[in-house]
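>>> Provided below are the primary sequence and the corresponding predicted coordinates.
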Amino acid sequence: MTKLRVLIIGSGGREHGLAWKLAQSPRVEQIFVAPGNAGTAVLAQNLPIAADDIDRLALWAREKRINLTVVGPELPLALGIVDSFRLARLPIFGPTQAAAQLEASKAFAKRFMQEVGIPTAVSATFTEYDKAAAFLPDGPSVIKASGLAAGKGVIVCDNRAQAEAALRQMMVEREFGAAGDEVVIEERLTGPEVSLLAFCDGKTAVALPPARDHKRAYDGDQGPNTGGMGVYAPPPDVDAALVDEIMRTVIQPAVDGMARRGTPYVGVLYAGLMLTPTGPKVLEFNCRFGDPETQAILPLLDGDLAEIMLACIEGRLTPEMVRVRPGACATVVMAAPGYPGAYAKGLSISGLDAVPPDVLVFHAGTKNHNGQIVSDGGRVLCVSGRGDDLATAVARAYAGVAALHFAGAHYRKDIGR
Ligand code: AMP
Ligand code: GLY
């Protein structure tokens, strides 16, 4: 069997999680991460190439005979990295630019879901402020910038005045730049949320364990939205029957619909859903692994991740490849003081060699500064605990957190509780 030389693109906790899991594959010979962090540097070789510098990444991958590239973040996918690598005959795991529109354009995703009949909130899309404002309902609504806005382009509104302010922010003040050129106004749904990620090979889709993340900065779901302060998998209220229902009503119709359009979906398709009184409905699609979902989901995967990814690329994915271990996993994010607002960098991290052996520490924003690991981002460390049940997993994750220190670290105390 050909040995694999793997390139992972990105620099967060998700990419450290991918490197950790791929390193367990017997076929993987060497891993590179561009640009990576202090955690990936231990398992892999970091490369000083930015995640969106597609030309340099492709040149480098060709020169080093990389035979599996895995893309972490959405931006290079939206920019067409998969199309470029395929042209250069470089095997790459992820959707093409056309298929990545499911995340890159919420307006596209809504049109697609309506066409294909995937359950989602009722919505309308606008490019002009006046027309959008005239459409607003008096009651609650959700205003979404259509383009990529780093998770910040969604504003949940209680009433018309709030919604008008949100529209103004996006369409007049252009706070999210071109991402707000098109705006989706959506019915506000209610219910618990769940994320379901599935491997897709263009025809077949196989679910990973469902996960639930905590987006707000502080305990009790208070404070500003973040990229995610923690996550657990699987949520006890999401059983196998519900996962099957979501696969049948959302994921498989999406994969079939993309194939019919001539833009087959290869990679991970991530559906953010609300479990409403009338069934699961899609809030958004992402065209990649979630961060921090990946750090709680991959520890539950028993299958060979490199094999699964190659099978997706080659159109031969089977459910048997995606073996999942029983039990649960919880991930707590330790963030820099100030995050998600302005935050300090360069804080010395201690305790990395003191975490209990059953705890996994995935670096998010870290770097090695003259031999000392220091913070280099808002989300600094992701601490994952596994257990036979959720309570054990949560307790283990927090035991890991207790061993780790940097000045002003903040984390939620209620992940999975
Ligand atoms: P999104 O990026 O589209 O997943 O939205 C971010 C968050 O906004 C979601 O996790 C939900 O908490 C909330 N949200 C998005 N759409 C809706 C909706 N139609 N109704 C209620 N809440 C929503
Ligand atoms: N945790 C949400 C995301 O990765 O989009």
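Arrived safely, thanks for sending. Numbers count the residues shown, from 1 in each chain. Ligands and ions are numbered 1, 2, ... in the order given.
>>> what does the stretch 201-350 of the chain put close to ligand 2?
The stretch 201-350 of the chain comes close to ligand 2 at residues 213, 228, 286, 290-291, 293, as judged by C-beta under 6 Å from any ligand atom. In short, each C-beta sits where N, CA and C put it, glycine included.
>>> cutoff 5 Å now
By the rule C-beta under 5 Å from any ligand atom, the part of the stretch 201-350 of the chain lying against ligand 2 is 228, 290-291.
>>> Any chance of a markdown table for the residues you listed, columns neighbour count and secondary structure?
Compiled in a markdown table, these are given as follows (neighbours: other C-beta atoms under 10 Å; DSSP: H, G, I helix; E, B strand; the rest coil):
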| residue | neighbour count | secondary structure |
| --- | --- | --- |
| 228 | 24 | strand |
| 290 | 21 | coil |
| 291 | 27 | coil |
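>>> Against residue 402, how distant is the residue nearest in space to the middle of the chain?
The centre of the chain sits closest to residue 290, judged by C-alpha atoms, centre = their mean, with a distance of 1.5 Å. Taking C-beta to C-beta, to the nearest Å as the criterion, residue 290 is separated from residue 402 by 26 Å.
>>> Likewise for residue 112?
In this structure, residue 112 and residue 402 are separated by 45 Å, where distance is defined by C-beta to C-beta.
>>> For the two, indicate the residue with more neighbours.
With other C-beta atoms under 10 Å as the criterion, residue 112 and residue 402 differ in neighbour count, and residue 112 comes out ahead with 20 against 14.
>>> how far does stretch 230-249 sit from the chain's center?
Shown here is stretch 230-249, whose average C-alpha point lies 17 Å from the average C-alpha point of the whole chain (C-alpha atoms, centre = their mean, to the nearest Å).
>>> Identify each buried residue in it, please.
Of the residues in stretch 230-249, those buried by neighbour count under the rule 16 or more other C-beta atoms under 10 Å are 230-235, 238, 242-243, 246-247, 249.
>>> and the residues you listed as JSON lines, adding distance to ligand 1, pLDDT and secondary structure?
As requested, the buried residues of stretch 230-249 are arranged in JSON lines below (distance: C-beta to the nearest ligand atom, whole Å; pLDDT from 0 to 100; DSSP: H, G, I helix; E, B strand; the rest coil):
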{"residue": "230", "distance to ligand 1": "14", "pLDDT": "97", "secondary structure": "strand"}
{"residue": "231", "distance to ligand 1": "12", "pLDDT": "98", "secondary structure": "strand"}
{"residue": "232", "distance to ligand 1": "15", "pLDDT": "98", "secondary structure": "strand"}
{"residue": "233", "distance to ligand 1": "16", "pLDDT": "98", "secondary structure": "strand"}
{"residue": "234", "distance to ligand 1": "18", "pLDDT": "98", "secondary structure": "coil"}
{"residue": "235", "distance to ligand 1": "14", "pLDDT": "97", "secondary structure": "coil"}
{"residue": "238", "distance to ligand 1": "15", "pLDDT": "97", "secondary structure": "coil"}
{"residue": "242", "distance to ligand 1": "18", "pLDDT": "98", "secondary structure": "helix"}
{"residue": "243", "distance to ligand 1": "19", "pLDDT": "98", "secondary structure": "helix"}
{"residue": "246", "distance to ligand 1": "15", "pLDDT": "98", "secondary structure": "helix"}
{"residue": "247", "distance to ligand 1": "19", "pLDDT": "98", "secondary structure": "helix"}
{"residue": "249", "distance to ligand 1": "17", "pLDDT": "98", "secondary structure": "helix"}
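>>> From these, pick the one nearest ligand 2.
Using C-beta to the nearest ligand atom, residue 231 comes nearest to ligand 2 of the buried residues of stretch 230-249, at 7.2 Å.
>>> hmm, back to that, filter the residues of the stretch 201-350 of the chain next to ligand 2 down to the ones near ligand 1?
Subset of those in contact with ligand 1: empty, counting by C-beta under 5 Å from any ligand atom.
>>> secondary structure class for residue 89?
Put simply, residue 89 is coil when judged by DSSP: H, G, I helix; E, B strand; the rest coil.
>>> State the number of residues packed around it.
The local packing count at residue 89 equals 7, with neighbours defined by other C-beta under 10 Å.
>>> Where is the longest helix in the protein?
Secondary structure of the chain per DSSP state H: the longest helix is helix 390-403.
>>> Please save the CA atoms from it in PDB.
What follows is the C-alpha trace of helix 390-403 in PDB, where atoms were taken according to Å, rounded to 0.1, in the frame of the first residue of the first chain:
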ATOM      1  CA  LEU A 390     -21.000  12.100  29.500                       C
ATOM      2  CA  ALA A 391     -20.500  12.800  33.200                       C
ATOM      3  CA  THR A 392     -17.200  11.000  33.200                       C
ATOM      4  CA  ALA A 393     -16.000  12.600  30.000                       C
ATOM      5  CA  VAL A 394     -16.900  16.100  31.400                       C
ATOM      6  CA  ALA A 395     -15.100  15.300  34.700                       C
ATOM      7  CA  ARG A 396     -12.000  14.200  32.900                       C
ATOM      8  CA  ALA A 397     -11.900  17.300  30.600                       C
ATOM      9  CA  TYR A 398     -12.100  19.600  33.700                       C
ATOM     10  CA  ALA A 399      -9.400  17.600  35.500                       C
ATOM     11  CA  GLY A 400      -7.200  18.500  32.500                       C
ATOM     12  CA  VAL A 401      -8.200  22.100  32.600                       C
ATOM     13  CA  ALA A 402      -7.300  22.200  36.300                       C
ATOM     14  CA  ALA A 403      -3.700  21.200  35.400                       C
END
